[in-house]
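S.K.: Pasted the sequence and its predicted model underneath.
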Amino acid sequence: MELDALKTAVPGSVMKQGAPVPGIQADVMEDVNQDGRDWIVHQCCDLIGDAMEMYLGTAVLFVIFLGHCSCDCLSGTYGFQCGYRCHCLPGHCHSTSGCDPGKCSPGWSGATCHKQNVALKKGVSSSGDAVYAPSTDARYPSSLATDGQLGERKYYDCIETRASNPNWWRVDLDDIMMIHDVTVYFRLDYTPRRNGIQVYLTNTTITPSGHFCYTVKANTSGTDINDILSVPCHGRGRYVLLYTTTATEENTQPKMDFCEVEVDVCDPGTFGADCENYCHCKHGVCNDMTGVCPPGGCLAGCKGTNCSVECVGNVEYGPDCGRTCFDRMCKEAASTCPRDTGRCDGGCEPGWEGEDCT
């Protein structure tokens with residue numbers, strides 16, 4: 001079929017030569033109604049003889065250029081209904097599996113690159129930076145803790161606060177966010193100041209205030225605390241505060257020194273300790289810790305408590321996989337059975353109607 005014929009035949013959509021046909025990813029493609037999208041799947045993929053299993057009605061990118069078609073997720077997206085973005089280095093994103101392990105973009109981490117450090121390069125404040133004479137400038141400023149540079153994690157790579165009681169350091173995330181956890185990278189050449197640090201998640205600049213997350217408890221030398229300490233700090237907040245009133249044996253007043261603080265959030269639609277699991281909720285996104293979806297169940301084509309299990313191919317389909325492919329009255333006995341719609345290829349047997357001929 002030529003491009004002009006395809007353009008005039010597609011219902012409810014506007015197509016431009018050399019541009020992607022709209023899909024359900026509203027932020028990257030224009031909207032198109034369900035009939036138009038399904039029609040394009042059939043016509044476009046049939047034209048190129050695509051042998052892959054087609055999930056009709058999903059967010060599939062169709063590039064129509066000079067009369068030629070191809071079917072794939074939009075570049076940089078992958079997975080179920082092309083609903084997930086790749087946060088990895090160029091050349092390491094795949095339309096089915098996502099990012100290659102260990103190839104996350106700066107500020108992203110985890111097995112699937114869906115955990116984001118929202119503290120990176122953000123503004124900070126503190127009870128005061130340490131100053132050493134004769135200089136009047138802070139030699140180890142508080143901003144070093146969000147610069148994304150770990151270095152050798154010795155004194156020259158890390159912050160040092162001025163001695164005071166209480167003593168605190170705070171990062172401003174610029175907006176209220178759902179926080180997953182906080183990770184502190186301590187300096188490696190001196191450990192006593194690790195003991196006694198408290199972590200808070202808050203929406204005010206009052207110190208201390210908000211949701212108390214964790215207290216670092218150690219011996220006076222701090223040697224029994226991990227060099228990289230990740231603590232649960234789940235909740236909504238704008239500021240993450242590290243606070244202490246604990247002085248070391250060498251200091252009469254508290255001081256803090258650490259090299260980096262990461263404040264991690266899960267990409268929407270992911271959950272788990274490393275944001276490595278997926279959920280396909282019908283309304284909104286799942287809880288980033290448990291994966292439980294809001295009321296309303298799963299997207300068509302998925303099932304399970306977390307809506308993370310896809311329907312068995314050519315066996316079941318629809319919301320919560322509650323419909324059976326063998327119950328359809330398809331005109332073509334060998335019709336495919338898309339997990340989301342169950343749509344029959346070639347229409348229905350006489351007397352039956354509907355997308356899935358039931």
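M.R.: In hand now; what should we look at? Residues are numbered from 1 along each chain as shown.

S.K.: Show me which positions of the helix or strand containing Ile179 end up buried.
M.R.: Secondary structure from DSSP states H and E places Ile179 in strand 167-185. Buried residues in strand 167-185, counted by 16 or more other Cβ atoms under 10 Å: 167-171, 173, 177, 179-185. Just so you know, the C-beta spots here come from the backbone N, C-alpha and C atoms, and that holds for glycine as well.

S.K.: Listing partners with orientation, what would you give for it?
M.R.: strand 124-126 (antiparallel), strand 228-244 (antiparallel), strand 260-266 (antiparallel) (DSSP bridges).

S.K.: Which among those strands is found nearest to Ser143?
M.R.: Closest of the strands paired with strand 167-185 to Ser143 is strand 124-126, at 5.6 Å (criterion: Cβ to Cβ).

S.K.: Just confirm Thr77 contacts Tyr84, I think it does.
M.R.: Yes - Thr77 is in contact with Tyr84 according to Cβ atoms under 8 Å; the separation is 6.5 Å.

S.K.: which other residues reach stretch 248-256?
M.R.: Under the criterion Cβ atoms under 8 Å, 6 or more residues apart in numbering, residues 130, 159-169, 192-193, 195-197, 220, 242, 244-247 lie in contact with stretch 248-256.

S.K.: how about 10 Å then?
M.R.: The contact list for stretch 248-256 (Cβ atoms under 10 Å, 6 or more residues apart in numbering) reads 126-128, 130, 142, 145, 158-169, 184, 186, 190-197, 220-222, 242-247.

S.K.: what comes up buried for it?
M.R.: The neighbour-count check on stretch 248-256 (16+ other Cβ under 10 Å) flags 248, 254-256 as buried.

S.K.: Could you dump the residues you listed into a markdown table and include secondary structure, distance to Ala273 and pLDDT?
M.R.: Shown next, in a markdown table, are the buried residues of stretch 248-256 (DSSP: H, G, I helix; E, B strand; the rest coil; distance: Cβ to Cβ, whole Å; pLDDT from 0 to 100):
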| residue | secondary structure | distance to Ala273 | pLDDT |
| --- | --- | --- | --- |
| Thr248 | coil | 32 | 92 |
| Pro254 | coil | 31 | 97 |
| Lys255 | coil | 32 | 96 |
| Met256 | coil | 27 | 97 |
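
S.K.: Going by distance to Lys121, which of these wins?
M.R.: Met256 (20.4 Å).

S.K.: ok now the strand holding Ile179, how far from the chain's centre?
M.R.: 17 Å (Cα atoms, centre = their mean, to the nearest Å).

S.K.: Next up, phi/psi of Gly98, please.
M.R.: Dihedral angles of Gly98 (phi, psi; degrees, to the nearest 10) stand at phi 90, psi -140.

S.K.: And Tyr156, by the same measure?
M.R.: phi -80, psi -10.

S.K.: which residue packs closest to it, ignoring adjacent ones?
M.R.: Tyr140 (7.4 Å; Cβ to Cβ, 6 or more residues apart in numbering).

S.K.: before we move on, the earlier item: from the strands paired with strand 167-185, which stretch is densest packed?
M.R.: Highest mean neighbour count of the strands paired with strand 167-185: strand 260-266, a mean of 24 (counted as mean count of other Cβ atoms under 10 Å).

S.K.: got the CA coordinates for it in PDB?
M.R.: Output of strand 260-266 as PDB, limited to C-alpha atoms (Å, rounded to 0.1, in the frame of the first residue of the first chain):
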ATOM      1  CA  GLU A 260      28.600  12.000  48.800                       C
ATOM      2  CA  VAL A 261      24.900  11.700  49.700                       C
ATOM      3  CA  GLU A 262      22.500  10.100  47.200                       C
ATOM      4  CA  VAL A 263      18.800  10.500  47.500                       C
ATOM      5  CA  ASP A 264      17.100   7.800  45.400                       C
ATOM      6  CA  VAL A 265      13.700   7.600  43.800                       C
ATOM      7  CA  CYS A 266      12.200   4.800  41.700                       C
END
